[in-house]
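**Student:** Next one to model:
(one chain, ligands or ions: 2)
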Amino acid sequence: MTRYQVVTVRREIGAAELLDAEEFRQRMTSHGTLVANILSSPGSGKTSLLSATADRLSPEFRCGVLVGDIATDRDAQRLADHAPAVQLTTGGACHLEFSLIERGRQALGDRELDFLFIENIGNLVCPASHDLGEHLRVLLLSTTEGDDKPAKYPKAFRTSHALVISKCDLLPYVPFEVDRAVADARSIRSDLAVFPTSSRPAQGLEAWCDYLIDQRRRLLGGHPCRPNR
Ligand SMILES: Nc1nc2c(ncn2[C@@H]2O[C@H](COP(=O)(O)OP(=O)(O)OP(=O)(O)O)[C@@H](O)[C@H]2O)c(=O)[nH]1
Ligand SMILES: [Mg+2]
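**Tutor:** Ligands and ions are numbered 1, 2, ... in the order given. Next up, the predicted model:
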């Protein structure tokens with residue numbers, strides 16, 4: 001039996017959105033589901049981080065993942081060992097749009113979720129302009145990309161609530177200064193929460209997961225993060 005599903009959209013991308021992202025966000029709020037949209041460049045470690053995150057959050061919390069890619073179901077295959085996962089394939093589009101999120105949530109079935117993670121398509125440009133009905137937008141920046149990226153991709157950083165710096169295990173080998181990257185990012189968005197992490201070996205994941213749990217607590221208490229636009 002297949003442990004994950006695949007939703008493919010080709011012609012639908014770019015069509016009028018059938019359901020409003022704000023309505024989805026409110027519906028997820030009423031279900032107690034914190035929706036987190038993860039943005040990054042290709043290969044920064046999104047799937048690795050989400051696998052490790054789901055492992056840490058379960059079994060206390062119920063997690064689901066919608067994972068976007070242009071092609072293949074490889075990431076859903078990887079994630080299926082860690083959480084229910086639905087692969088969203090765009091057939092070429094460089095970002096996810098809301099209509100695909102609604103269909104992906106339906107494909108996850110009736111199960112109640114505490115956390116719904118969306119792995120966006122690897123790209124720091126287009127995904128920043130699309131509201132997917134998330135409560136939390138998280139930008140993942142890996143140490144192999146260089147610490148000069150925030151100012152070069154300002155919208156992605158300005159619209160995010162948190163910055164996860166991934167692959168910190170490689171810091172001894174790459175020219176990346178965490179303080180410089182954080183200062184650059186906070187010059188764009190001063191209230192960014194920052195989490196230096198590594199998925200292999202695991203580092204910094206406890207603080208990251210505590211942040212997610214706290215954000216969900218705030219959501220349940222009626223004080224969610226406001227979307228940054
Ligand atoms: N050294 C090191 N490698 C990592 C870490 N996290 C991920 N990787 C490696 O980086 C590569 C890309 O990781 P993925 O998790 O597939 O990255 P992704 O952002 O999901 O990639 P796309 O979905 O293709 O954009 C893989 O070879 C991972 O094993 C980390 O913390 N440290
Ligand atoms: Mg991935």
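**Student:** Secondary structure class of Glu145, three-state.
**Tutor:** Of the three states, Glu145 takes coil under DSSP: H, G, I helix; E, B strand; the rest coil.
**Student:** and Val67, what are its phi and psi?
**Tutor:** Dihedral angles of Val67 (phi, psi; degrees, to the nearest 10) stand at phi -120, psi 120.
**Student:** so what's it bridging to?
**Tutor:** Gln87, Glu119 (DSSP bridges).
**Student:** so what pLDDT did it get?
**Tutor:** Per-residue confidence (pLDDT) for Val67: 98.
**Student:** ok now do it, which residues does it touch?
**Tutor:** Counting by Cβ atoms under 8 Å, 6 or more residues apart in numbering, Val67 makes contact with 47, 50, 75-76, 79, 85-88, 118-119. In this view, the C-beta of every residue, glycine as well, is placed from N, C-alpha and C.
**Student:** Between those residues, which sits nearest Arg62?
**Tutor:** Arg62 has its nearest neighbour among those in Ala85, at 13.2 Å by Cβ to Cβ.
**Student:** tally of neighbours for the closest one?
**Tutor:** Ala85 is flanked by 31 other residues according to other Cβ atoms under 10 Å.
**Student:** I figured it hits Val7, correct?
**Tutor:** No - checked against Cβ atoms under 8 Å, the pair Ala85 and Val7 is beyond contact range at 11.2 Å.
**Student:** ok, which of the contacts of Val67 also contact ligand 2?
**Tutor:** With Cβ under 5 Å from the ion as the criterion, the contacts of Val67 include 47, 75 near ligand 2.
**Student:** out of the contacts of Val67, which is most surrounded?
**Tutor:** Ala85 (31 neighbours).
**Student:** show me the contacts for that residue.
**Tutor:** 4, 64-67, 75-76, 79 are the contacts of Ala85 under Cβ under 8 Å, 6+ apart.
**Student:** thinking again about what came up before, need the contacts of Val67 in CSV (columns: pLDDT).
**Tutor:** Below are those laid out as CSV (pLDDT from 0 to 100):
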residue, pLDDT
Thr47, 98
Leu50, 98
Asp75, 97
Ala76, 97
Leu79, 98
Ala85, 98
Val86, 97
Gln87, 97
Leu88, 97
Ile118, 98
Glu119, 98
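**Student:** so which of the contacts of Val67 comes closest to Glu97?
**Tutor:** Nearest to Glu97 among the contacts of Val67: Leu88, at 9.7 Å, using Cβ to Cβ.
**Student:** Not counting its neighbours along the chain, what's nearest the closest one?
**Tutor:** Closest residue to Leu88 apart from its sequence neighbours, by Cβ to Cβ, 6 or more residues apart in numbering: Gly68 at 4.6 Å.
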